[in-house]
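1. 3D model of this:
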Amino acid sequence: MPTLAPMVLKDRAATPVDHTFNPRDTTNGVTTLTESTGVPIGERRITMAHLRSTNGRIRAVCKFVVPVVQDVEVNGITRPTVVKTNYGEVTFNFDGTSTTQERKDIVGFVENFLKAANTVANGFIVDLEGLF
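-> All right, here's what the predicted structure looks like:
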């Protein structure tokens, strides 16, 4: 079993930047990691959970929450405000009899699907282009 530890993830900026997500807590089986900006409402979050169905299926769910914060002035008082939030979600759904190799294969497919070099997926997800 892996020990919960900080995760460093690169963004896709022209000059990629490392973002460190530190463990926050685990509540009701959902683990949260956050990238603190010093302003709690602006924290980027990753949540991870295993969900098990009654028929033996196992779902590994990873969610990403990325708020965009701007300073907003109201009546002469400036305060940070979330102006929008972007979400990402990756869900793996495994049969209870799946092998480690079968799970590795699907993770590898998703990993390679999301790479910038995959112009079909990148165009669809990042550039919001339709498929034909």
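2. For stretch 38-50, C-alpha coordinates in PDB please.
-> C-alpha atoms of stretch 38-50 as PDB (Å, rounded to 0.1, in the frame of the first residue of the first chain):
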ATOM      1  CA  GLY A  38      -2.200  31.000   1.200                       C
ATOM      2  CA  VAL A  39      -5.800  31.700   0.500                       C
ATOM      3  CA  PRO A  40      -8.000  28.700   1.300                       C
ATOM      4  CA  ILE A  41     -10.700  29.500  -1.200                       C
ATOM      5  CA  GLY A  42      -8.100  29.400  -4.000                       C
ATOM      6  CA  GLU A  43      -6.600  26.000  -3.100                       C
ATOM      7  CA  ARG A  44      -6.300  23.600  -6.000                       C
ATOM      8  CA  ARG A  45      -7.500  20.100  -4.800                       C
ATOM      9  CA  ILE A  46      -7.100  16.500  -5.800                       C
ATOM     10  CA  THR A  47      -9.400  14.000  -4.200                       C
ATOM     11  CA  MET A  48      -9.000  10.200  -4.500                       C
ATOM     12  CA  ALA A  49     -11.300   7.400  -3.500                       C
ATOM     13  CA  HIS A  50     -12.000   3.800  -4.000                       C
END
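3. For that stretch, buried residues please.
-> 42, 43, 44, 46, 47, 48, 49 (16 or more other C-beta atoms under 10 Å). Placement of C-beta: from N, CA and C, glycine included.
4. next one: stretch 48-64
-> 48, 49, 63.
5. what does that stretch contact?
-> Contact with stretch 48-64 is made by 29-31, 33, 44-47, 87-98, as judged by C-beta atoms under 8 Å, 6 or more residues apart in numbering.
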